[in-house]
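**Q** 3D model of this:
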Amino acid sequence: MFIATLIAARRLSSGDISTAEDALREHGIEPMGRSWIEADVACDILFSADPVLAKAALEGLIPGVDLVVQGEAGRRKRLLVADMDSTMITVECIDELADYAGRKAEVAEVTERAMRGEIDFEAALRERVILLKGLEEAVLDRCHAERVRITPGARALVRTMRREGAYCLLVSGGFSRFADQVASAIGFNLAASNRLLIEEGRLTGLVEEPILASEGKVEALVNAAAQQQVDLADCLAIGDGANDIPMLQAAGLGIAYHAKPKVAAGADARIEHGDLSALLFAQGYSRDDWEA
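**A** You can find the predicted model right below:
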């Protein structure tokens with residue numbers, strides 16, 4: 001049995017669900033019932049046919065509504081691996097750091113190309129970090145305090161999953177001075193990220209090797225699953241950039257969050273309208289079930 005979960009950023013009507021059911025029937029899939037997760041916000045449609053065909057029939061069908069198609073069994077995941085920048089937080093930390101150095105536009109352009117998968121992530125990271133050379137170490141903490149904001153729904157997602165026994169890991173191609181604080185504030189078990197090298201209170205323009213990039217993210221996912229004795233099928237991964245694609249594809253459910261087109265195309269599902277609480281609805285948690 002499979003589930004197509006419709007999740008509205010604002011309001012989901014019974015008419016919207018009927019539209020989705022009709023679309024499934026037009027593709028030869030007979031709906032086998034509907035079940036509200038959260039009234040007027042999120043609803044499951046059950047079916048037993050081809051989930052790939054169901055996704056094609058429903059994706060983008062209803063404006064302002066996200067879709068997650070998955071198997072009914074095991075929908076509540078036991079391991080979460082999440083990207084940080086523009087996923088668990090609303091900014092790209094390296095771009096914001098560059099703003100203090102007066103080079104944000106230059107750095108942000110490289111960041112955008114790397115996230116779209118147009119250039120190699122590791123080379124792009126080195127290219128951007130060298131532009132931060134000489135920046136005072138104190139700016140790192142100032143940037144965190146002034147610029148870093150946690151994405152709506154992040155705390156509820158992580159804390160609810162942990163309460164239910166899941167292990168939650170933050171994996172970032174960004175920097176430990178941000179990732180460690182973000183992980184603690186949201187409620188992750190652990191964070192893995194890159195470390196900026198600092199000498200005499202200033203950034204050297206270098207990052208500690210080896211750089212955590214796409215392969216490192218997959219390795220972190222696989223290692224965490226092995227350590228926690230969790231099948232990869234029971235893992236949920238979320239990210240927005242091209243360096244997240246292998247991680248998303250390795251997990252049982254890979255979610256592209258407000259992501260670049262290449263990332264969305266490589267994920268099992270994409271969240272384009274809602275916030276991170278959509279991933280709680282996707283696992284069948286109503287608001288009453290969320291950890292505050």
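**Q** Residue 80 reaches residue 168, doesn't it?
**A** Yes. In this structure, residue 80 is within contact of residue 168 by CB atoms under 8 Å, at 4.5 Å. Using the backbone N, CA and C atoms, a C-beta is placed for each residue, glycine as well.
**Q** what is in contact with these two at once?
**A** Both residue 80 and residue 168 are contacted by 158, 161, under the criterion CB atoms under 8 Å, 6 or more residues apart in numbering.
**Q** Just give me how far the top strand by length along the chain sits from the chain centre.
**A** Ranked by residue count under DSSP state E, the longest strand found in the chain is strand 167-175. Remark: strand 167-175 is offset 10 Å from the chain centroid, using CA atoms, centre = their mean, to the nearest Å.
**Q** Which positions within the helix or strand just after it qualify as buried?
**A** Using DSSP states H and E, the next helix or strand after strand 167-175 towards the C-terminus is helix 176-186. Under the neighbour-count criterion of 16 or more other CB atoms under 10 Å, helix 176-186 has 176, 177, 178, 179, 180, 182, 183, 186 buried.
**Q** for stretch 238-255, same thing?
**A** Result for stretch 238-255 [16+ other CB under 10 Å]: buried residues 238-248, 250-255.
**Q** For this structure, which residue occupies the most central location?
**A** In the chain, the centroid-proximal residue (CA atoms, centre = their mean) is residue 238; its distance is 2.7 Å.
**Q** For beta bridges, what are the partners of the residue nearest to that one when sequence neighbours are not counted?
**A** Leaving out its chain neighbours, the residue that sits closest to residue 238 by CB to CB, 6 or more residues apart in numbering is residue 255, at 4.5 Å. Per DSSP bridges, the residues bridged to residue 255 are residue 238, residue 269.
**Q** So for residue 255, what pLDDT did the model give?
**A** With respect to pLDDT, residue 255 has a value of 98.
**Q** before we move on, the earlier item: name the strands paired with the longest strand of the chain and say parallel or antiparallel.
**A** Paired strands of strand 167-175, with direction, are strand 79-82 (parallel), strand 190-194 (parallel) (DSSP bridges).
**Q** Now the element after the first one, going C-ward?
**A** What it means is strand 79-82. Per DSSP H and E, the first helix or strand lying C-terminal to strand 79-82 is helix 93-100.
**Q** Measure how far that following helix is from the centre of its chain, please.
**A** Taking the mean of its C-alpha atoms, helix 93-100 sits 21 Å from the chain's own mean (CA atoms, centre = their mean).
**Q** go on, stretch 30-48?
**A** With CA atoms, centre = their mean as the basis, stretch 30-48 stands 24 Å off its chain's centre.
**Q** Any chance you could list what contacts that stretch?
**A** Residues outside stretch 30-48 that contact it (CB under 8 Å, 6+ apart): 1-8, 11-13, 17, 20-21, 24-25, 29, 49, 54, 72, 278, 281, 284-287.
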